[in-house]
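Peer 1: structure, please.
(4 chains)
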There are 2 protein chains.
Amino acid sequence: MKIQQQEPLSKECIQQLRAIKDTMELLSGKWKIQIIGTLLRGGTMRFMELKRTLNGIAPKKLSNDLQELELNKLITRTVKDTKPITVEYSLTKHGKTLDNLIVEIIDWGLNHRKEIIKE
Amino acid sequence: MKIQQQEPLSKECIQQLRAIKDTMELLSGKWKIQIIGTLLRGGTMRFMELKRTLNGIAPKKLSNDLQELELNKLITRTVKDTKPITVEYSLTKHGKTLDNLIVEIIDWGLNHRKEIIKE
DNA sequence: GATACTAATTTCCTTTAGGAAACTATTAAA
DNA sequence: TTTAATAGTTTCCTAAAGGAAATTAGTATC
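Peer 2: Numbers count the residues shown, from 1 in each chain, chains lettered A, B, ... in the order given. Predicted coordinates:
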């Protein structure tokens, strides 16, 4: 019987798997990419503006996702001294670097749909 | 008071949101990208080879994910008439088109980690 | 004084993802 | 005949994601 050796993964490979995990944890879920995409297109936006544009999101979810994106330095949150108070969200420079990736995700998805439907 | 009008999303925008959803549903989860990445690097592989390489995956999960990837025409499944039977999995031409996207996901993740750690 | 706007938070609930362990069925080697 | 390999399936369980509705709290308009 041939004993199957499990050769340990290279350091580089482990780093790459971690990079995939990092990216996917940030982008997974129903709303995160939509929030980023909306801010990419709309620039600076308020909480209620985002809520209206992201048709159907629950305020709890929007609040949670925004906090998580802020923690990861993808967006900034600014409280304005207006009455009633308004809070402005916009992408950081780092957040804007997701643009290319999102475009690739869209392109692949469009092509995939053609591929699945055709035969 | 200003009534906020909810202008309906353009047809193009709806298509793009659907494309994001399509791609992310395929790639989300703990194992799918790892399975695709493994097959990109390893070429044709058997069930147990995949299971051993994807250190820690439960056979149920591997089986389920492979079925889903096959349904979406990203991989092919071939039963070999050996004793005991072996089943070979490999990426389709369409499945291989995920290469660029995965590379982008890795690159962004590597850069993101630098960005978060630095300050 | 009642209602509505701002931006959330809290509570409760359902659905989905995924892991652990046992089991099926066939074949071959010790 | 016991053990181990092939490729799964089945059952049971926990944790996480996410939705619905109510609540908070300050301000402003009717």
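Peer 1: CA atoms for contacts and neighbours, from now on please.
Peer 2: OK.
Peer 1: burial count for the residue in chain A positioned nearest to DNA strand D?
Peer 2: Nearest residue of chain A to DNA strand D (CA to the nearest atom of the strand) works out as residue A:29 at 3.0 Å. Burial of residue A:29 is recorded as 16 neighbouring residues (other CA atoms under 10 Å in any protein chain shown).
Peer 1: three-state assignment of it?
Peer 2: Assigned by DSSP: H, G, I helix; E, B strand; the rest coil, the conformation of residue A:29 is coil.
Peer 1: now residue A:89
Peer 2: strand.
Peer 1: got phi/psi on the residue of chain A closest to DNA strand D?
Peer 2: phi 100, psi 170 (degrees, to the nearest 10).
Peer 1: for it, give its distance to residue B:83.
Peer 2: 43 Å (CA to CA, to the nearest Å).
Peer 1: and chain A, which residues reach DNA strand D?
Peer 2: A:1, A:3, A:28-31, A:56-61, A:83-84 (CA under 7 Å from any atom of the strand).
Peer 1: recalculate using a threshold of 6 Å.
Peer 2: Residues of chain A lying near DNA strand D by CA under 6 Å from any atom of the strand: A:29-30, A:57-58, A:60-61, A:83-84.
Peer 1: what subset of those is buried?
Peer 2: residue A:29 (16 or more other CA atoms under 10 Å in any protein chain shown).
Peer 1: mind listing which of the residues of chain A next to DNA strand D are in helices?
Peer 2: If you go by DSSP state H, the residues of chain A next to DNA strand D have A:60-61 in helices.
Peer 1: between the residues of chain A next to DNA strand D, which is nearest DNA strand C?
Peer 2: residue A:60 (3.6 Å).
Peer 1: state the distance from the closest one to chain B.
Peer 2: Going from residue A:60 to chain B by CA to the nearest CA, to the nearest Å gives 21 Å.
Peer 1: and for residue A:81?
Peer 2: 19 Å.
Peer 1: end to end on stretch A:78-98, go ahead and measure it.
Peer 2: Taking CA to CA, the first and last residues of stretch A:78-98 lie 21 Å apart.
Peer 1: now do the buried residues in that stretch.
Peer 2: A:87-91, A:94-96, A:98.
Peer 1: filter these down to the ones near DNA strand C?
Peer 2: Restricting the buried residues of stretch A:78-98 to those near DNA strand C by CA under 6 Å from any atom of the strand leaves residue A:87.
Peer 1: quick one: the helices in chain A?
Peer 2: Going by DSSP H, chain A shows helices at A:11-27, A:32-42, A:47-53, A:59-71, A:93-96, A:98-118.
Peer 1: other residues contacting the longest one?
Peer 2: It refers to helix A:98-118. Outside helix A:98-118, the residues that touch it by CA atoms under 8 Å, 6 or more residues apart in numbering or on different chains are A:33, A:37, A:40, B:15-24, B:72-73, B:94, B:98, B:101, B:104-105, B:108.
Peer 1: of those, just the buried ones, ChimeraX syntax please.
Peer 2: A single ChimeraX command selects the buried members of those (16+ other CA under 10 Å):
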select /A:33,37,40 /B:16,18,19,20,21,22,23,24,72,73,98,101,104,105,108
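Peer 1: separation between residue A:25 and residue A:89?
Peer 2: 21 Å.
Peer 1: got it, and residue A:67?
Peer 2: Distance, residue A:67 to residue A:89, using CA to CA: 11 Å.
Peer 1: ok, residue A:38 next?
Peer 2: Separation of residue A:38 from residue A:89 (CA to CA): 11 Å.
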